[in-house]
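Enquirer: whatever this is, show me its structure:
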Amino acid sequence: MNKKYFGTDGIRGRVGETPVTADFMLRLGRAAGKVLAEGDRRAVVIGKDTRISGYMFESALESGLSAAGANVALLGPMPTPAVAYLTRTLFACAGIVISASHNPFHDNGIKFFCADGEKLPDDIERAIEAELNQPFSTVTSEKMGKAVRIEDAPGRYIEFCKGTVPFGTQMRGLKVVVDCANGATYRVAPSVLTELGSNVIAIGTQPDGLNINDGCGSTHPEFVARAVRKHAADVGIALDGDGDRVIMVDADGETVNGDELLYIIATSRQDRGLLQGGVVGTVMSNFGLELALKERNIPFMRTPVGDRFVHKALVSNGWTLGGEASGHLLCLDRTSTGDGIVSALQVLEVMVSSGKSLAELVADVQKLPQTMINVPVKGLAVDGLAESETINEAVKSAQHQLGDTGRVVLRPSGTEPLIRVTLEGKDETLVNLLATELAEVVRTELAG
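Expert: Predicted coordinates:
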């Protein structure tokens with residue numbers, strides 16, 4: 001059965017439009033409670049980011065869960081990875097995050113974690129969707145769930161984050177700018193860095209319900225870059241609205257993306273004999289990362305876009321490190337899900353222990369020029385992409401011209417009627433030319 005509501009990362013959309021409505025969230029809470037709350041483990045943890053609609057959806061989910069007989073532990077504004085961590089440590093049956101991640105305030109969504117702090121498997125998501133089709137019902141009054149607020153949730157998570165770097169790690173003398181995107185990390189991220197000894201300049205820490213991700217955060221690294229240059233800081237950290245992504249900038253304000261951060265963490269682990277297997281990226285990871293890891297004899301594999309696929313590949317191979325260029329990194333030897341603060345700490349610890357700057361640590365990664373062109377097609381069903389001999393021949397021709405140091409990727413968008421035509425190679429002029437030509441072939445064959 002195909003899923004109607006759940007996408008690659010939960011449920012997301014425009015507030016007030018199905019399924020991101022109060023009545024749907026009420027029904028979703030009841031359905032999730034029916035499926036997830038079993039036996040003695042009947043508590044569900046709920047956290048949210050700072051967007052204004054979170055108040056409404058928190059109340060709706062709480063009511064639905066209570067109607068199903070599930071207890072609720074309210075965390076208030078907390079990063080997505082904090083909810084995953086607290087789901088485990090509070091022995092809850094599930095965790096729910098109310099967030100649309102890096103999207104603007106007018107969007108919102110729901111992410112679920114199972115009892116071990118990992119994303120829900122497909123069969124559980126399908127079971128929740130099936131339950132949504134059932135009439136709304138309420139357990140008898142004596143079986144209704146109760147709600148409590150976890151007042152010390154921020155402190156618990158701060159201590160956890162600090163514990164992901166070696167005991168005794170001192171970051172004194174390190175001047176760090178952290179941009180919290182006016183989102184869920186606005187309290188905890190500056191506290192973690194300060195308690196580890198850094199000289200912290202915190203920006204993006206004045207949420208008003210509407211300014212989350214607004215010209216700041218990991219999707220706007222230029223904001224933290226300006227602050228780094230202004231304060232002559234050593235490094236900048238840009239988190240997204242719910243705290244599961246991180247982009248960093250060096251002392252000159254140059255962006256260091258998720259691919260490069262993966263390289264820093266992987267090579268440091270390798271040097272210390274701590275790297276388990278290789279690194280997992282996605283089809284959109286820059287070819288330069290693959291070449292740099294190959295130079296270090298570190299295995300590398302690609303998955304479809306989405307941290308769910310990266311996580312599955314890591315677990316299947318017994319590896320621990322993977323992620324996306326967007327900064328959604330997985331360090332499974334530290335935590336169970338993508339965590340922007342934890343990922344940034346791994347990089348800062350390498351800087352401190354090696355005595356090298358961020359720019360020096362990524363000097364061996366030469367990102368190849370990349371061009372992506374979005375081509376509108378006739379719908380979300382794009383079977384013609386694989387079936388078209390003309391497109392296949394054009395892809396082969398482009399790949400031949402790029403040689404062994406280039407790459408061609410044609411990828412259907414999961415949310416829009418688009419084919420994303422992406423090319424990488426050492427010759428930027430050639431890459432742009434071939435991308436334009438290939439996009440025109442796709443447009444001619446598949447455009448509506």
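Enquirer: for this structure, longest helix please?
Expert: Assignment by DSSP state H gives helix 428-446 as the longest helix of the chain.
Enquirer: how about that helix: buried residues?
Expert: For helix 428-446, a neighbour-count test (16 or more other Cβ atoms under 10 Å) marks 430, 431, 434, 435, 438, 439, 441, 442, 445, 446 as buried. The C-beta positions use only the backbone N, C-alpha and C, and glycine is treated the same way.
Enquirer: show residues contacting it.
Expert: 369-373, 375-378, 382, 384-385, 388, 390-391, 394-395, 398, 401-402, 406, 408, 410, 419, 421-425 (Cβ atoms under 8 Å, 6 or more residues apart in numbering).
Enquirer: export it as CSV, just CAs?
Expert: Backbone C-alpha positions of helix 428-446 (Å, rounded to 0.1, in the frame of the first residue of the first chain) are rendered in CSV as follows:
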residue,chain,number,x,y,z
GLU,A,428,32.9,24.1,-15.4
THR,A,429,32.3,25.4,-19.0
LEU,A,430,31.8,21.9,-20.3
VAL,A,431,29.6,20.9,-17.3
ASN,A,432,27.3,23.9,-18.0
LEU,A,433,27.1,23.2,-21.7
LEU,A,434,26.3,19.5,-21.3
ALA,A,435,23.7,20.2,-18.6
THR,A,436,21.9,22.6,-20.8
GLU,A,437,22.0,20.2,-23.7
LEU,A,438,20.8,17.2,-21.7
ALA,A,439,18.0,19.3,-20.0
GLU,A,440,16.8,20.3,-23.5
VAL,A,441,16.7,16.6,-24.5
VAL,A,442,14.7,15.7,-21.4
ARG,A,443,12.3,18.7,-22.0
THR,A,444,11.7,17.6,-25.5
GLU,A,445,11.0,14.0,-24.6
LEU,A,446,9.0,14.5,-21.4
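Enquirer: how far off centre is it?
Expert: Chain-centre distance of helix 428-446: 30 Å, with Cα atoms, centre = their mean, to the nearest Å.
Enquirer: is residue 262 within a helix or a strand, and which one?
Expert: Using DSSP states H and E, residue 262 maps to helix 258-271.
Enquirer: now do whichever helix or strand comes after that helix: which elements does it pack against?
Expert: Note on helix 258-271: by DSSP H and E, the next helix or strand toward the C-terminus is strand 279-282. Using 3 or more Cβ pairs under 8 Å, 6 or more residues apart in numbering; DSSP states H and E as the contact test, the elements touching strand 279-282 are helix 258-271, helix 287-295, strand 300-303, helix 307-317, strand 321-323.
Enquirer: of all these, which lies closest to residue 362?
Expert: Closest of the helices and strands packed on strand 279-282 to residue 362 is helix 258-271, at 4.4 Å (criterion: Cβ to Cβ).
Enquirer: any idea of the mean pLDDT in that closest one?
Expert: Across helix 258-271, pLDDT averages out at 98.
Enquirer: how much does it deviate in direction from helix 287-295?
Expert: Here helix 258-271 runs at an angle of 10 degrees relative to helix 287-295 (axes from the mean of the first three to the mean of the last three Cα atoms, to 10 degrees).
Enquirer: could you chop this protein up by domain?
Expert: Taking automatic domain parsing as the domain assignment, the ranges for the chain are 11-151, 157-165+173-361, 370-446.
Enquirer: can I get those domains in CSV including distance to residue 2?
Expert: Supplementary listing: the domains of the chain in CSV, determined by distance: least, Cβ to Cβ, whole Å:
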stretch, distance to residue 2
domain 11-151, 9
domain 157-165+173-361, 16
domain 370-446, 12
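Enquirer: can you flag the weakest of these by average pLDDT?
Expert: domain 370-446 (a mean of 86).
Enquirer: quick check: end-to-end length of that domain?
Expert: Terminal residues of domain 370-446 lie 23 Å apart, using Cα to Cα, to the nearest Å.
Enquirer: centre of the chain to that domain, how far?
Expert: The chain centroid and the centroid of domain 370-446 are separated by 26 Å under Cα atoms, centre = their mean.
Enquirer: now do the SS call for the nearest residue to residue 254 once chain neighbours are set aside.
Expert: Excluding the flanking residues, the one nearest residue 254 by Cβ to Cβ, 6 or more residues apart in numbering is residue 359, at 6.8 Å. State at residue 359, reduced to three classes by DSSP: H, G, I helix; E, B strand; the rest coil: helix.
Enquirer: from memory residue 359 sits against residue 252, does it?
Expert: Yes: between residue 359 and residue 252 a contact is recorded at 6.8 Å, counting by Cβ atoms under 8 Å.
Enquirer: more neighbours: the two, which one.
Expert: Set residue 359 next to residue 252 and count neighbours by other Cβ atoms under 10 Å: residue 359 wins out with 14 against 11.
Enquirer: spatially central residue in this protein, please.
Expert: residue 328 (3.8 Å; Cα atoms, centre = their mean).
Enquirer: who's in contact with that one?
Expert: Counting by Cβ under 8 Å, 6+ apart, residue 328 has contacts 244, 245, 258, 307, 338.
Enquirer: make TSV out of the residues you listed and add distance to residue 117 and neighbour count.
Expert: Below are the contacts of residue 328 laid out as TSV (distance: Cβ to Cβ, whole Å; neighbours: other Cβ atoms under 10 Å):
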residue	distance to residue 117	neighbour count
244	13	33
245	18	28
258	21	26
307	14	24
338	12	30
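Enquirer: format these as TSV; extra columns: distance to residue 120.
Expert: As requested, those are exported to TSV (distance: Cβ to Cβ, whole Å):
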residue	distance to residue 120
244	16
245	20
258	24
307	13
338	15
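Enquirer: and of the residues you listed, the nearest to residue 22?
Expert: Nearest to residue 22 among the contacts of residue 328 is residue 244, at 25.0 Å by Cβ to Cβ.
Enquirer: wait, what's in contact with the closest one?
Expert: Applying Cβ under 8 Å, 6+ apart, we find residue 244 in contact with 79, 80, 81, 101, 307, 328, 337, 338, 339, 340.
Enquirer: what subset of the residues you listed is buried?
Expert: 79, 80, 81, 101, 307, 328, 337, 338, 339, 340.
Enquirer: what's the spacing between the second one and residue 315?
Expert: According to Cβ to Cβ, to the nearest Å, residue 80 and residue 315 sit 19 Å apart.
Enquirer: then the fourth one?
Expert: Here residue 101 is placed at a distance of 22 Å from residue 315 (Cβ to Cβ).
Enquirer: who's in contact with residue 68?
Expert: 29, 30, 31, 32, 33, 34, 37, 139, 145.
Enquirer: excluding sequence neighbours, find me the nearest residue to it.
Expert: For residue 68, ignoring the flanking residues on the chain, the nearest one in space by Cβ to Cβ, 6+ apart is residue 33 at 2.8 Å.
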